[in-house]
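>>> Here is a sequence together with a model predicted from it:
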Amino acid sequence: MTNALWEHILGSLCCLYQGLPLTVFTDLPVACGRPPLVNRIVGGSEAQEGAWPWQVDIQVESTGHVCGGSIISRRWVLSAAHCFPNPSDVSSYRLYMGRYQLNGYNQFETLSRVRMVVIPEGYSNPQGGSDIALVQLSTPVTWSDRIQPVCLPSADLHFKSGTLCYVTGWGDIQEGGECVILKPYMGVPIIDQASCSSMYQIHSSNSDPVVILPDMICAGYKEGGKDSCQGDSGGPLVCSVGNGTWIQAGIVSFGLGCAQRNRPGVYSKVSSFAGFIHSTVPGTQLMGQACGYEPEALLVLSLGLASVLLTK
């Protein structure tokens, strides 16, 4: 057995004691985008504890939950720039990993303060693009079966229109409807840039038109009904590559209302920021088409190919 395989097994090890699952924490490298508890999740639409182990709850001391995020390494979290209106002052932020309930007891959660936030130069507002933030934790996370990194795409990985992806978080399940546990599986199809732009022109305000920029990606339904909502901002839009590995395609950025007709959710396209991510977090491994990854394709990948080891 190779060292990498042994580390992968240890990194996601879960033991049983008197019939109860015990979380094993480890600093060893782990495979990204592979929830260790996924095989123990029974069918249904509700997001079970541990289903999305990269999900982060971003809170501010005075207001509580403000945004979501995703773990990309032991020291870094990916989120949206608009979640940090003053990135030079992050003293009031608290990040919770391994959390399922927004309020109440979470046995396996960990807490970290923020060391610093890095956003692209020139960012002004979500509709202007570049709505991405890299958040450095003051304390590195320790991997467990409920705390794991998501995979990130390289610049050449494109998610085709119609690809069914999932948005997660504690945002409102509808306008005015609070969500206190990690929301149900929210499947939304990718919408190409031209179609998304056309939808936003329907009954639009000429004084403040929505322009879908190249660094944005849309997902949702023309008729509405399912969408990211208030409180989901900064959280991940993830897509499966067909072998149980999840890659983050987008970051919840903005929209007009929640789940309204012809108003799909707009996300920051993660692949557009591959260079920014790689330069800020050296050693980040990005998944691309050159490695054979194709969203929602029926691929049979070897463990060595699928296990991208993140040690940052």
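Sure thing, it's come through. Numbering: from 1, shown residues only.
>>> Only C-alpha atoms from now on, for both contacts and neighbour counts.
Will do.
>>> quick one: buried residues of stretch 87-95?
P87, V90, Y93, R94, L95 (16 or more other CA atoms under 10 Å).
>>> Quick one: end-to-end distance for stretch 76-84.
Its start and end residues considered, stretch 76-84 measures 15 Å (CA to CA, to the nearest Å).
>>> re earlier: go through the buried residues of stretch 87-95 and flag which are in strands.
In strands, judged by DSSP state E, the following of those are found: Y93, R94, L95.
>>> who's in contact with the first one?
Same thing as Y93. The contact partners of Y93, taken as CA atoms under 8 Å, 6 or more residues apart in numbering, are I58, Q59, V60, E61, R113, V114.
>>> Give me the buried entries from those.
Buried among the contacts of Y93 (16+ other CA under 10 Å): I58, Q59, R113, V114.
>>> from these, which single one is nearest C67?
Comparing those against C67 with CA to CA places I58 closest, at 5.1 Å.
>>> where's the closest one relative to S233, distance?
Applying CA to CA to I58 and S233 gives a distance of 10 Å.
>>> what is in contact with these two at once?
With CA under 8 Å, 6+ apart, I58 and S233 have common neighbours V66, C67, G68.
>>> who wins for neighbours among these?
G68 (29 neighbours; other CA atoms under 10 Å).
>>> how close does it get to L152?
Relative to L152, and taking CA to CA, G68 is found at 16 Å.
>>> Tabulate the shared contacts of I58 and S233 (a markdown table), appending pLDDT, distance to L164 and secondary structure.
Shown next, in a markdown table, are the shared contacts of I58 and S233 (pLDDT from 0 to 100; distance: CA to CA, whole Å; DSSP: H, G, I helix; E, B strand; the rest coil):
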| residue | pLDDT | distance to L164 | secondary structure |
| --- | --- | --- | --- |
| V66 | 93 | 26 | strand |
| C67 | 94 | 23 | strand |
| G68 | 95 | 21 | strand |
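>>> Closest to N125 out of those residues?
The nearest member of the shared contacts of I58 and S233 to N125, counting by CA to CA, is C67 at 15.5 Å.
>>> Run through the bridge partners of the closest one.
For C67, the beta-bridge partners are I58 (DSSP bridges).
>>> thought it was touching G235?
Yes: using CA atoms under 8 Å, C67 is in contact with G235, at 6.9 Å.
>>> nearest residue to I190 other than its sequence neighbours?
In space, I190 comes closest to A219 once its chain neighbours are excluded; the distance is 4.3 Å by CA to CA, 6 or more residues apart in numbering.
>>> so the one you found touches Q193, yeah?
No: in this structure, A219 is not within contact of Q193 by CA under 8 Å, at 9.9 Å.
>>> Only alpha carbons, please: show whichever strand or helix holds V252 as PDB.
Here V252 sits within strand 246-254, counting by DSSP states H and E. Output of strand 246-254 as PDB, limited to C-alpha atoms (Å, rounded to 0.1, in the frame of the first residue of the first chain):
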ATOM      1  CA  TRP A 246     -17.100  17.400  -6.100                       C
ATOM      2  CA  ILE A 247     -15.600  20.500  -7.700                       C
ATOM      3  CA  GLN A 248     -16.600  24.000  -6.900                       C
ATOM      4  CA  ALA A 249     -17.900  25.800 -10.000                       C
ATOM      5  CA  GLY A 250     -19.100  29.000  -8.400                       C
ATOM      6  CA  ILE A 251     -19.400  31.300  -5.300                       C
ATOM      7  CA  VAL A 252     -22.800  32.700  -4.500                       C
ATOM      8  CA  SER A 253     -22.600  36.300  -5.500                       C
ATOM      9  CA  PHE A 254     -25.900  38.000  -6.300                       C
END
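>>> Quick one: mean pLDDT over the next helix or strand after that strand.
Downstream of strand 246-254, the next assigned helix or strand under DSSP H and E is strand 265-269. Over the span of strand 265-269, the pLDDT mean works out to 96.
>>> elements contacting strand 265-269?
Helices and strands touching strand 265-269, as assessed by 3 or more CA pairs under 8 Å, 6 or more residues apart in numbering; DSSP states H and E, comprise strand 216-219, strand 246-254.
>>> Tabulate those strands in a markdown table, adding columns for mean pLDDT, mean neighbour count and distance to M199.
Conversion of the helices and strands packed on strand 265-269 to a markdown table gives the following (pLDDT from 0 to 100; neighbours: other CA atoms under 10 Å; distance: least, CA to CA, whole Å):
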| stretch | mean pLDDT | mean neighbour count | distance to M199 |
| --- | --- | --- | --- |
| strand 216-219 | 96 | 28 | 11 |
| strand 246-254 | 96 | 28 | 15 |
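>>> right, and the ones you listed - which one's nearest L102?
strand 246-254 (18.3 Å).
>>> need the contact list for C218.
I190, I191, D192, Q193, C196, P264, G265, V266, Y267.
>>> any idea which helix or strand carries the residue lying closest to the third one once chain neighbours are set aside?
This means D192. Ranked by CA to CA, 6+ apart and with sequence neighbours excluded, the top spatial neighbour of D192 is S161, at 5.2 Å. Assigned by DSSP H and E, S161 falls within no helix or strand.
>>> Kind regards, and thank you for your time.
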